[in-house]
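A.B. asks: no sequence on hand, only this structure:
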DNA sequence: TTGAGGTTTTGAGACGATTCAAAAGAATCT
DNA sequence: AGATTCTTTTGAATCGTCTCAAAACCTCAA
């Protein structure tokens, strides 16, 4: 592994290391002849800048960490792509980490990123009020919470999940459903809690006419949705909800699969609405209604806030940006039901 | 940003920096009393190891780069998860980069990773015979090609795409199809070329009885599949293929959507088979037949090879691992057709 | 020829952690 | 007490790059 360094380049070009560094960083202050000589030496040796040493010297890196709840969920991939597109413009690298909903993994990733002295971290926290995050921030790593409102000690971007849940609930009730299921993940996850609170609010607003059944799976995945779907399908028709609001589209897809394996028709026997409006929702066996979030925009805004904080740490004021969700009605909940 | 360093810890604990380093790396050689004192100082100061400095000193990092063709394609996410699970066990970090099929982006990512002096790179190359990769390897960064066979200058893991194409073709022909379309991406992509060669072989083996129509989209995405689907749907029924083999499941989903918008039934009017067998394939509007690849295994094997090379660079012999694809038949191609 | 003013180039410190030969300290034995 | 061995601790050197004050070099004018 013959990695050349600046010194070897300097030797070959018969200049000092300082000059090589100048050629690399401020070529305009170096005389053309010298510059040329240095470039030649670089090419001949196959010299590649050592970003690690630069970073050590500079004290800060051009890398941002993004820790998401589930890389297998296209929602987060889209958020990541949004973040990356902005990062690209600021020649900054985004490293994507997957906590997979596990606080242990999340913490290991955060530790690792802090040790790498990344410029900042965007994170979709597994749990609310994570003291680790507070300490991380206190020690000096800027953090932006994604898809989760902050406490004021950092910036955040989020979508109003409560409103989203409410819209979903109102939609189902409006279509005539009177027994509705909520299929969620661990209630310790903020998104789950809020979306549940939203639909609960809509149900309450209906004044006792509507019944809400809350189901919880260990993870917000296709498998999790399938498990809940099985449970719901097993109920006698008279007790079974006529509609389900799933905490995300992955779960909705699993739920839909469970309906299919039990011979229940969607939306005739049971309507489904998901959350996130990932691209696959529209392509599902029964096209899924969903609550749409501005996915890329979340990522873009998050990194914007981070870059802003990094650029001017002094006069930076933490902000909480909140977007509004939209209802997208497709076949899975399109039918009107006579109670 | 008050980041503490080892010196401050040493001062507070009244020991030398060497001792602090020992406490961190070989605690057993430090006397319990001193060790305790140092730990206390670390906690009190909120000291966090600077991985950048460690790395500079050590000369090698504990990070592996993974450059994939398309993060939005769950196939690559699964490959990444496979790689990460192995990396985790070797406390190594995987940074995921997306070339999005763009050679420029790919090169920028490779440059960046080389500058970071990563331990090695796993890459699904955009183009075959990339001279950049050769140089990268020559300069000393170990590279493992993923989903693309190597020339011998590096390791590789791949699935026999030609065989996969052949299996898909044979399956469609066996079901009675005589006019078959191939929906692919840029033929410069190895996977596309091989899968096409595979089905072309199957068609040739049928001895002139079967006709193959080859369509190419600019990208192997849902949108790409949709475009080709539109084109196919627009053909008069007599000329229209009765089956399509899509170069991956994303394209197959797009193709399927196009059929739906044109009122063509799948599989009655047109059968579809995809490639990769991503989880969403089974959940599609019409469950998709597909050629399954061992996704996680690809990732796991790739990083195994890399770690092996890094551990023993001297006696390492490059290897090309090739897996076999499987046919998974679902509704989208299940029907038998009378020619 | 000397000096002023401008342009290039130089090279000695950082940056933070690790290593390792050598020094210091403790413990054991004669 | 002195010699010997074993255990701890020390601190200077190192990794590769950047910065910046100082040195070196030019050009032009007096």
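C.D. replies: Perfect, thanks for sending it. Please read all numbers here as calculations on a predicted model, not as lab measurements. Numbers count the residues shown, from 1 in each chain, chains lettered A, B, ... in the order given.

A.B. asks: residue A:213 - that's part of a strand, no?
C.D. replies: Yes: secondary structure of residue A:213 (DSSP: H, G, I helix; E, B strand; the rest coil): part of a strand.

A.B. asks: got the contact list for the residue of the stretch 51-200 of chain A found nearest DNA strand D?
C.D. replies: At 3.4 Å from DNA strand D, residue A:53 is the closest residue in the stretch 51-200 of chain A, using Cβ to the nearest atom of the strand. No exception for glycine: its C-beta is placed from N, CA and C like everyone else's. Each residue near residue A:53 by Cβ atoms under 8 Å, 6 or more residues apart in numbering or on different chains is listed here: residue B:56.

A.B. asks: and it, which of the three is it?
C.D. replies: Going by three-state DSSP: residue A:53 is helix.

A.B. asks: tell me the SS of the closest residue to DNA strand C within the stretch 101-250 of chain A?
C.D. replies: Nearest residue of the stretch 101-250 of chain A to DNA strand C (Cβ to the nearest atom of the strand) works out as residue A:117 at 8.3 Å. Following three-state DSSP, residue A:117 is assigned to coil.

A.B. asks: OK, contacts around it?
C.D. replies: Neighbours of residue A:117 in contact, by Cβ under 8 Å, 6+ apart: A:55, A:59-61, B:3, B:50-52.

A.B. asks: export those to TSV and tack on distance to DNA strand C?
C.D. replies: Formatted as TSV, the contacts of residue A:117 follow (distance: Cβ to the nearest atom of the strand, whole Å):
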residue	distance to DNA strand C
A:55	9
A:59	6
A:60	10
A:61	12
B:3	6
B:50	3
B:51	8
B:52	7
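
A.B. asks: roughly how far apart are the residue nearest to the spatial centre of chain A and chain B?
C.D. replies: Centroid-nearest residue in chain A: residue A:76, 4.0 Å away (criterion: Cα atoms, centre = their mean). Separation of residue A:76 from chain B (Cβ to the nearest Cβ, to the nearest Å) stands at 10 Å.

A.B. asks: please apply the same query to residue A:295.
C.D. replies: For residue A:295, the distance to chain B - Cβ to the nearest Cβ - is 11 Å.

A.B. asks: how close does that residue sit to residue B:97?
C.D. replies: 20 Å (Cβ to Cβ, to the nearest Å).

A.B. asks: tell me how many other residues crowd the single nearest residue of chain A relative to DNA strand C.
C.D. replies: Residue nearest to DNA strand C within chain A: residue A:18 (2.5 Å; Cβ to the nearest atom of the strand). Neighbour count of residue A:18, defined by other Cβ atoms under 10 Å in any protein chain shown: 10.

A.B. asks: again, but for residue A:205
C.D. replies: Residues near residue A:205, counting by other Cβ under 10 Å: 12.

A.B. asks: repeat for residue A:111
C.D. replies: 15.

A.B. asks: next up, the contacts around the nearest residue to it once chain neighbours are set aside.
C.D. replies: Spatial nearest neighbour of residue A:111, chain neighbours left out: residue B:48 (7.9 Å); criterion: Cβ to Cβ, 6 or more residues apart in numbering or on different chains. For residue B:48, the residues meeting the contact criterion (Cβ under 8 Å, 6+ apart) are A:111, A:114-115, A:139, B:3-4.

A.B. asks: what pLDDT, on average, does stretch A:81-88 get?
C.D. replies: Averaged over stretch A:81-88, pLDDT sits at 96.

A.B. asks: could you list the low-pLDDT ranges of chain A?
C.D. replies: A:1, A:339 (pLDDT under 70).

A.B. asks: if you set the cut-off to 90 instead, what comes out?
C.D. replies: Residue ranges of chain A with pLDDT under 90: A:1-3, A:59-60, A:91, A:127-131, A:147-153, A:207-208, A:283-285, A:312-315, A:335-339.

A.B. asks: just the helices from it, written as ranges.
C.D. replies: A:6-13, A:17-25, A:32-45, A:51-58, A:74-89, A:103-115, A:131-138, A:161-174, A:190-205, A:222-233, A:249-261, A:279-282, A:295-311 (DSSP state H).

A.B. asks: still on that earlier bit, roughly how far apart are the residue nearest to the centre of chain A and residue B:43?
C.D. replies: 34 Å.

A.B. asks: picking that back up, among the helices of chain A, which comes closest to residue B:158?
C.D. replies: helix A:74-89 (23.9 Å; Cβ to Cβ).

A.B. asks: mind listing what residue A:300 touches?
C.D. replies: Residue A:300 neighbours (Cβ under 8 Å, 6+ apart): A:82-83, A:85-86.

A.B. asks: could you redo the last one with a cut-off of 6 Å?
C.D. replies: A:82, A:86 (Cβ atoms under 6 Å, 6 or more residues apart in numbering or on different chains).

A.B. asks: do you know how far it is from residue A:119?
C.D. replies: For residue A:300 relative to residue A:119 (Cβ to Cβ), the value is 17 Å.

A.B. asks: and residue A:261, by the same measure?
C.D. replies: 48 Å.

A.B. asks: same check on residue A:67?
C.D. replies: 14 Å.

A.B. asks: how about the residues of chain A by DNA strand C?
C.D. replies: A:14-19, A:21-22, A:29-31, A:33-34, A:53, A:56-57, A:59 (Cβ under 7 Å from any atom of the strand).

A.B. asks: just to revisit the earlier point, more neighbours, residue A:261 and residue A:119?
C.D. replies: Applying other Cβ under 10 Å to residue A:261 and residue A:119 shows that residue A:119 carries more neighbours, namely 23 against 11.

A.B. asks: OK, contacts around that one?
C.D. replies: A:60-61, A:64, A:310.

A.B. asks: let's have these in a markdown table, adding neighbour count and distance to residue B:244.
C.D. replies: Formatted as a markdown table, those follow (neighbours: other Cβ atoms under 10 Å in any protein chain shown; distance: Cβ to Cβ, whole Å):
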| residue | neighbour count | distance to residue B:244 |
| --- | --- | --- |
| A:60 | 13 | 51 |
| A:61 | 20 | 47 |
| A:64 | 27 | 41 |
| A:310 | 16 | 49 |
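
A.B. asks: which one of those residues is nearest to residue B:275?
C.D. replies: residue A:64 (33.8 Å).

A.B. asks: so the closest one sits against residue A:94, correct?
C.D. replies: Yes: Residue A:64 is within contact range of residue A:94, at 5.3 Å (criterion: Cβ atoms under 6 Å).

A.B. asks: what does chain A put close to chain B?
C.D. replies: A:1, A:3, A:46, A:48-49, A:51-53, A:55-56, A:71-72, A:77, A:93, A:95-96, A:112, A:114-117, A:139-140, A:253, A:280, A:283-285 (Cβ under 6 Å from any Cβ of the partner chain).

A.B. asks: filter those residues to the buried ones?
C.D. replies: A:3, A:48-49, A:51-53, A:55-56, A:71-72, A:77, A:93, A:95-96, A:112, A:114, A:116-117, A:139, A:253, A:280, A:283-285 (16 or more other Cβ atoms under 10 Å in any protein chain shown).

A.B. asks: count of residues packed around the nearest residue to residue A:265 once chain neighbours are set aside?
C.D. replies: Nearest non-adjacent residue to residue A:265, counting by Cβ to Cβ, 6+ apart: residue A:259, 7.5 Å away. As a burial measure, residue A:259 scores 25 neighbours (other Cβ under 10 Å).

A.B. asks: right, and residue A:259 touches residue A:266 too?
C.D. replies: Yes: Residue A:259 lies in contact with residue A:266 (Cβ under 6 Å); the separation is 5.3 Å.
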